[in-house]
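Enquirer: Provide a 3D model corresponding to the input given below.
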Amino acid sequence: MRAEGQAHIDRIEAALALVRRSLDWERAVRRLDELNARVEDPKLWDNPKQAEEVMRERRRLESAIGTVNEISGEMADAIEFIELGDTEGDDAVIGEGLETLALQGERFDGAFSNFAGLNCVENLAPVARSLASLIRPGGSALLVVFGTFCPGEWLVEGIRRRPTAMFRRLTHKPVHAQMGGNEFSVRYFKSSELAAAMAPWFDLAGRKGVGVFVPPSAAEPWISRHPRLLSVLETLDSRLSVPLAALGDHVLYRFVRRADG
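Expert: Reported below is the predicted structural model:
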């Protein structure tokens, strides 16, 4: 494989690997199989609201998984085309294959990483580089990460008498975490750190707090037993989530891909 073609392949494979990790690929494929089976059950439609949620999740997973498989298939076809051109000494065929690989490098209008998946990443720079290889100029990367200054968590963890958990987001070191029997590390990135990692390819276009007044999940099930209070907090969130973004349990960042990156 020519160096130019291999560079395109390496970039596409790195980007696809990032997408697969963000989807938790094997779990996502199993989940799609489960949803497809549920859709075939006529009893699902006895509960229209639940059926709508199932269909929405199914469409989302079908789109994400289908896109990854489509790109992988197109890349394999382009590689086969280039190898055929090499064998036959046909530069036109080789050029067409290389052009296909180059176009695959920037084919998405945007990308979305939800609810702190990136906080399990040690180094954001490779993530930003892979996103830049996937997103067209002018496209957006929407990234939801943990906030680093969350009064709601201070309050909840203070009531639960867990002082270590109250201020864990202020540390610069990885924080040990456990979920579902799995152990992993969480890093709490400052806004400036995230912006710096994205800066070679993206401009920060805005941010919005998620859970500025609505307390974090540690407040469950107590907060759900007080629907009126929760409604008031949700209203405050909707009105003040932009000016008070830095106080959110999570923060949604919008980055725009530059043409010169």
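Enquirer: okay, now the unreliable bits of the stretch 151-261 of the chain?
Expert: Along the stretch 151-261 of the chain, the parts satisfying pLDDT under 70 run over 180, 261.
Enquirer: list of residues touching the lengthiest strand in the chain?
Expert: For the chain, the strand that runs over the most residues, judged by DSSP state E, is strand 135-146. Contact partners of strand 135-146, identified using C-beta atoms under 8 Å, 6 or more residues apart in numbering, comprise 106-116, 118-119, 131, 169, 186, 188-189, 194, 198, 202, 205, 210, 249-259. Every C-beta, even on glycine, is put in place using the N, C-alpha and C of the backbone.
Enquirer: give the pairing partners of it; include direction for each.
Expert: strand 108-113 (parallel), strand 250-257 (antiparallel) (DSSP bridges).
Enquirer: tell me who's in contact with Leu194.
Expert: Contact analysis of Leu194 by C-beta under 8 Å, 6+ apart lists Leu124, Leu143, Val145, Tyr253.
Enquirer: could you flag which of those residues are buried?
Expert: Among these, those scoring as buried are Leu124, Leu143, Val145, Tyr253 (criterion: 16 or more other C-beta atoms under 10 Å).
Enquirer: now those residues in TSV, with distance to Met55?
Expert: Output for the buried ones among the contacts of Leu194, formatted as TSV (distance: C-beta to C-beta, whole Å):
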residue	distance to Met55
Leu124	34
Leu143	27
Val145	29
Tyr253	29
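Enquirer: in the longest strand of the chain, what's buried?
Expert: Neighbour-count burial for strand 135-146, counted by 16+ other C-beta under 10 Å, picks out Ile135, Gly139, Ser140, Ala141, Leu143, Val144, Val145, Phe146.
Enquirer: helix or strand right after that strand?
Expert: Counting by DSSP states H and E, the next helix or strand C-terminal to strand 135-146 is helix 151-159.
Enquirer: ranking the strands paired with strand 135-146 by burial, who's on top?
Expert: Looking across the strands paired with strand 135-146 with neighbours counted as mean count of other C-beta atoms under 10 Å, the highest average goes to strand 250-257: a mean of 22.
Enquirer: ok so, going back, closest one to Glu62 among the strands paired with strand 135-146?
Expert: strand 108-113 (15.7 Å; C-beta to C-beta).
Enquirer: average pLDDT across the closest one?
Expert: The average pLDDT within strand 108-113 is 86.
Enquirer: how about residues contacting that strand?
Expert: With contact meaning C-beta under 8 Å, 6+ apart, strand 108-113 is reached by Ser22, Leu131, Leu134, Ile135, Arg136, Gly139, Ser140, Ala141, Leu142, Leu143, Val144.
Enquirer: repeat that for stretch 216-235.
Expert: So stretch 216-235 is contacted by Cys150, Gly152, Glu153, Val156, Glu157, Arg160, Ala165, Phe213, Val214, Pro215, Asp249 (C-beta under 8 Å, 6+ apart).
Enquirer: residues touching the last one, list them.
Expert: So the one you mean is Asp249. For Asp249, the contact set (C-beta under 8 Å, 6+ apart) comprises Phe146, Gly147, Cys150, Gly152, Glu153, Gly209, Val210, Gly211, Val212, Val214, Pro215, Pro216.
Enquirer: what number of residues lie near the spatially closest residue to it that is not a sequence neighbour?
Expert: Using C-beta to C-beta, 6 or more residues apart in numbering and skipping residues adjacent in sequence, the residue nearest Asp249 is Gly211, 3.3 Å away. Number of residues near Gly211 (other C-beta atoms under 10 Å) recorded here: 22.
Enquirer: any idea of the angle the longest strand of the chain forms with helix 151-159?
Expert: Using axes from the mean of the first three to the mean of the last three C-alpha atoms, to 10 degrees, the inter-axis angle of strand 135-146 relative to helix 151-159 is 30 degrees.
Enquirer: rounded mean pLDDT for strand 135-146, please.
Expert: For strand 135-146, the mean pLDDT works out to 92.
Enquirer: export it as CSV, just CAs?
Expert: Extracted in CSV, the C-alpha atoms of strand 135-146 (Å, rounded to 0.1, in the frame of the first residue of the first chain):
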residue,chain,number,x,y,z
ILE,A,135,-16.0,15.9,10.9
ARG,A,136,-16.4,18.2,7.9
PRO,A,137,-15.3,21.9,8.2
GLY,A,138,-18.2,23.8,9.7
GLY,A,139,-19.5,20.6,11.4
SER,A,140,-20.0,20.5,15.2
ALA,A,141,-18.6,18.2,18.0
LEU,A,142,-21.1,18.2,20.9
LEU,A,143,-19.3,16.9,24.0
VAL,A,144,-20.9,16.3,27.4
VAL,A,145,-18.4,16.0,30.2
PHE,A,146,-18.5,16.3,34.0
